[in-house]
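S.K.: quick one, structure for this:
(2 chains)
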Amino acid sequence: MNKNDLVEHLPDLRRYARSLLYAPNDAEDLVQETLLSALANMPLWLRRSKRRPWLFSIMHNNFINLVQQGKTREKHFPSLVSLYGDPVEQPPDGPCAGLHRALQYLSVDDRSLLLLVAQAGFSYEQVAHILDLPLGTVMSRLHRARQKLRKLLEQADDHRYREQQ
Amino acid sequence: MSTSNESPRTGQPFDADQMELWLTARLPDTQQRRIDDWLSQHPQQAAYWHPLQQDQRLLAQLDPVHHQRSLDDYALRPRQAPPARPWRRWPVLPTLTAFALGSVCSALLIPFWATVPTQPASRPAFVQSALQAHALYSVEVRHPVEVGEQEQAHLLKWLSKRLDRPLAAPDLSGLGFQLLGGRLLPAPDGPAAQLMYQDAGGERITLYIAAAADSQPSSFLFSEHRGVSTFYWVDGHWGYSLSGRIDQARLSQLSNQVYRALVL
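M.R.: Numbering: from 1, shown residues only, chains lettered A, B, ... in the order given. Presented below is the predicted three-dimensional model:
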């Protein structure tokens, strides 16, 4: 594996980081940290199919470190970001802004789990490996995470519905 | 409209793992269709599972686009600079590789940025001055401002006279920021004014107003330099910039408030 193989996965890593973290600086920091760890620990030989999960597990570890060391703005939620959004003024954030905000209200574990399966499209076994969890735990937590996210999105919908009345 | 958050499990012929595979469309087509058919005949189950399927689809497409960093910001990121002691044998290779990789990343991103019409290649000069003034004065403990808010009437009259334009101090108290005061500063196209606000947590933001004769009128643009974020815009030959070490969303709200107070 060499640095060109790394570049190939950059868009995916960046998208995952931006979904995990709301603050753009945090996401950019996470990408940089991940690239530096990956460069420092890059195995000379890694089967092609294993490269992407390997990079995501590095990003996951860096993500947990950033959060645990309080280096992200996570700790300021929810004061910085309202689940319901500001109906008038939103920084341009794409069509999934509501979903992106709701994700920030999930625990870091639930958020990574959901994104790795649903967004990054990893197999359940790969996710178990990346998160270092038993497969059974992945499956049961995943369903609970989906339920929590649904509840948050319903709350936001209810709020918007009431605002319009 | 709220559906139940409890799975209606009674009478469900598929187990939780199968349903999870169905959500991510990882079952073979025939099985996927079997579950679709079964849901179409069981509205209570469908009311639970279809929203989850919709969430799954949205998650699969989720690609948050953050603010567009300008290239000069990117080039100035301290982590991409070589370390202070580059000649020790070990760090050279990883550093060069990291630097090369950073360049490749930047190069890859150029077409992406180029398609965004709102971000010019570089900031107008007044934004640079605004960021420098913010960095210099917002950290002052004893003399953050030249004239304090207790002399607000005098402050505004003075700044209005020196800038030769009527100047008001936007009320940001609704968003948690109180006026601390302001100062007069030199700028490339004449004098500039800086008004400083502070929130209950001691976080400071500064509003910088200067003539921007050469700049085209623009809507809100976002820029960032060394952790200081700024929203800036040009209106009628005046450049405005609101800067602070706060989240972009919050700064955007504050900027809207300032814009309404000053320009509308």
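S.K.: from now on I want contacts and neighbour counts done on CA atoms only, so please keep to that.
M.R.: Will do.
S.K.: where does B:Tyr197 land in three-state SS?
M.R.: Under DSSP: H, G, I helix; E, B strand; the rest coil, the three-state class of B:Tyr197 is strand.
S.K.: quick one, what contacts it?
M.R.: Counting by CA atoms under 8 Å, 6 or more residues apart in numbering or on different chains, B:Tyr197 touches B:Phe177, B:Gln178, B:Leu179, B:Leu180, B:Gly181, B:Arg204, B:Ile205, B:Thr206.
S.K.: so which of the residues you listed comes closest to chain A?
M.R.: Proximity of those to chain A was ranked by CA to the nearest CA; the top entry is B:Phe177 with 14.4 Å.
S.K.: before we move on, back to that, of the contacts of B:Tyr197, which belong to strands?
M.R.: Among the contacts of B:Tyr197, the members found in strands (DSSP state E) are B:Phe177, B:Gln178, B:Leu179, B:Leu180, B:Gly181, B:Arg204, B:Ile205, B:Thr206.
S.K.: those residues, buried ones only, as a ChimeraX selection?
M.R.: Command for ChimeraX that selects the buried part of the ones in strands among the contacts of B:Tyr197, burial taken from 16 or more other CA atoms under 10 Å in any protein chain shown:
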select /B:177,178,179,180,181,204,205,206
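S.K.: can you give me the helices for the stretch 101-250 of chain B?
M.R.: B:125-137, B:152-163, B:248-262 (DSSP state H, counting those that start in this stretch).
S.K.: so which of the ones you listed gets nearest A:Arg141?
M.R.: Ranking the helices of the stretch 101-250 of chain B by their distance to A:Arg141 (criterion: CA to CA) puts helix B:248-262 first, at 30.9 Å.
S.K.: pull out the buried residues from the closest one.
M.R.: Buried, per 16+ other CA under 10 Å, within helix B:248-262: B:Gln248, B:Ala249, B:Arg250, B:Leu251, B:Ser252, B:Gln253, B:Leu254, B:Ser255, B:Gln257, B:Val258, B:Tyr259.
S.K.: got the end-to-end distance for stretch A:104-123?
M.R.: Criterion CA to CA, to the nearest Å; first-to-last residue distance in stretch A:104-123 is 23 Å.
S.K.: report the contact partners of the nearest residue to B:Tyr240 once chain neighbours are set aside.
M.R.: Nearest residue to B:Tyr240, sequence neighbours excluded (CA to CA, 6 or more residues apart in numbering or on different chains): B:Ile209, at 4.8 Å. The contact partners of B:Ile209, taken as CA under 8 Å, 6+ apart, are B:Ala192, B:Ala193, B:Gln194, B:Trp238, B:Gly239, B:Tyr240, B:Ser241.
S.K.: before we move on, what about B:Val234?
M.R.: Contact analysis of B:Val234 by CA under 8 Å, 6+ apart lists B:Ala212, B:Ser215, B:Gln216, B:Pro217, B:Ser218, B:Ser219, B:Tyr240.
S.K.: try 7 Å
M.R.: The contact partners of B:Val234, by CA atoms under 7 Å, 6 or more residues apart in numbering or on different chains, come to B:Ser215, B:Gln216, B:Pro217, B:Ser218, B:Tyr240.
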